[in-house]
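Novice: What would the 3D arrangement of this be:
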Amino acid sequence: MKGIKKSGVRPRFQVIKDSICQAIKERIYLPDEQIPTEYELAKQFSVSRMTANRAIKELVAEGLLVRYQGLGTFVAMVQAESPLLEIRNIADEIRGRHSVYSNERYRLQEVKADKELAVQLGITPGDPVFHSLIVHKENGQPLQFAERYVNAAIVPDYVNQDFSVTTPSQYLSELFPLSEIEHIVEAILPNFLEQELLDISAETPCLLVNRRTWSANNLISYARLVHPGNLYRLSSRSEI
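Specialist: Just a heads-up that it's a prediction; the model follows:
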């Protein structure tokens with residue numbers, strides 16, 4: 001049985017909770033993998049089973065663990081969720097789920113806008129546009145295929161950024177506070193490049209989010225965000 005490190009001076013149930021969360025974050029325990037029993041945790045941390053039970057119950061309530069009667073307690077398969085009516089930094093979303101964020105950059109270059117892209121960005125065909133293609137990952141698993149086109153006249157330094165340090169969304173939102181967002185969501189099957197970079201099959205249902213963003217009435221970027229449907233969902237909430 002894998003071990004969980006003991007921590008500093010805190011309520012004992014919180015020590016157990018924090019240690020389990022850290023073990024999940026460090027991928028000592030993977031999704032769908034069983035964690036130690038209450039008895040084993042109580043013995044490891046020199047606490048009562050009631051204390052160990054409280055730690056596990058709270059993590060189950062928070063969605064990090066799931067209990068199966070007669071089988072034990074397992075790390076939950078957490079489905080990523082993003083708000084539809086706002087933009088959040090995907091790196092922050094992933095870290096907020098106690099997961100490890102990483103990405104791979106495949107393209108960051110200047111291109112000339114074709115007619116379709118010119119319409120999306122409100123520019124003239126042939127105008128310079130910056131094109132980036134980045135795959136965002138959660139615990140090493142591809143979660144989002146992010147293809148973005150940015151108006152080079154408005155964001156001239158986009159192509160010079162190190163997007164292993166910051167994400168395009170974070171960079172753009174800090175530089176140009178958003179004034180308007182457009183989201184168009186579609187259910188699609190992935191094309192060949194999306195299959196390859198997301199490591200999925202041609203039959204995998206995906207969510208495609210077409211996103212355009214404005215700042216001070218300037219159309220800044222147009223992005224195609226593709227997510228495997230079994231790993232991602234969108235939410236929306238508004239007052240009536």
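Novice: In the chain, what helix or strand scores lowest on average pLDDT?
Specialist: Least confident helix or strand, the chain: strand 80-83 with a mean of 51, by mean pLDDT, DSSP states H and E.
Novice: what's the following helix or strand after that one?
Specialist: helix 90-96 (DSSP states H and E).
Novice: ok, then the element right after that following helix?
Specialist: Following helix 90-96 in sequence, per DSSP H and E, is strand 101-112.
Novice: That next one: which residues count as buried?
Specialist: 101-103, 108 (16 or more other Cβ atoms under 10 Å). Any C-beta I mention is one placed from the backbone N, CA and C, and that applies to glycine too.
Novice: Got the domain ranges for this protein?
Specialist: The record assigns the chain these domain ranges, following automatic domain parsing: 12-75, 80-235.
Novice: distance between the shortest one and the chain's centre?
Specialist: Read that as domain 12-75. In terms of Cα atoms, centre = their mean, to the nearest Å, the centre of domain 12-75 is found 24 Å from the chain centre.
Novice: can you give me the end-to-end distance of that domain?
Specialist: End-to-end distance for domain 12-75: 21 Å, by Cα to Cα, to the nearest Å.
Novice: quick one: the helices in the protein?
Specialist: Ranges of helices in the chain, per DSSP state H, are 12-25, 38-45, 49-61, 90-96, 115-121, 168-175, 192-198.
Novice: just checking, what packs against the last one?
Specialist: The one in question is helix 192-198. In terms of contacts (3 or more Cβ pairs under 8 Å, 6 or more residues apart in numbering; DSSP states H and E), helix 192-198 is packed against strand 141-151, strand 218-228.
Novice: what would those strands look like in JSON lines with mean neighbour count and mean pLDDT?
Specialist: Output for the helices and strands packed on helix 192-198, formatted as JSON lines (neighbours: other Cβ atoms under 10 Å; pLDDT from 0 to 100):
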{"stretch": "strand 141-151", "mean neighbour count": "22", "mean pLDDT": "95"}
{"stretch": "strand 218-228", "mean neighbour count": "21", "mean pLDDT": "94"}
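Novice: Distance to I188 for those strands - can I get that in a markdown table?
Specialist: Shown next, in a markdown table, are the helices and strands packed on helix 192-198 (distance: least, Cβ to Cβ, whole Å):
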| stretch | distance to I188 |
| --- | --- |
| strand 141-151 | 11 |
| strand 218-228 | 7 |
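Novice: Could you point out which of the ones you listed sits nearest E26?
Specialist: The closest of the helices and strands packed on helix 192-198 to E26 is strand 141-151. By Cβ to Cβ, the value is 15.3 Å.
Novice: Which strands and helices lie in contact with that closest one?
Specialist: Applying 3+ Cβ pairs under 8 Å, 6+ apart, one finds that strand 141-151 contacts helix 90-96, helix 115-121, strand 128-138, helix 168-175, helix 192-198, strand 218-228.
Novice: now that strand against strand 218-228, angle please.
Specialist: Angle of strand 141-151 versus strand 218-228, following axes from the mean of the first three to the mean of the last three Cα atoms, to 10 degrees, is 160 degrees.
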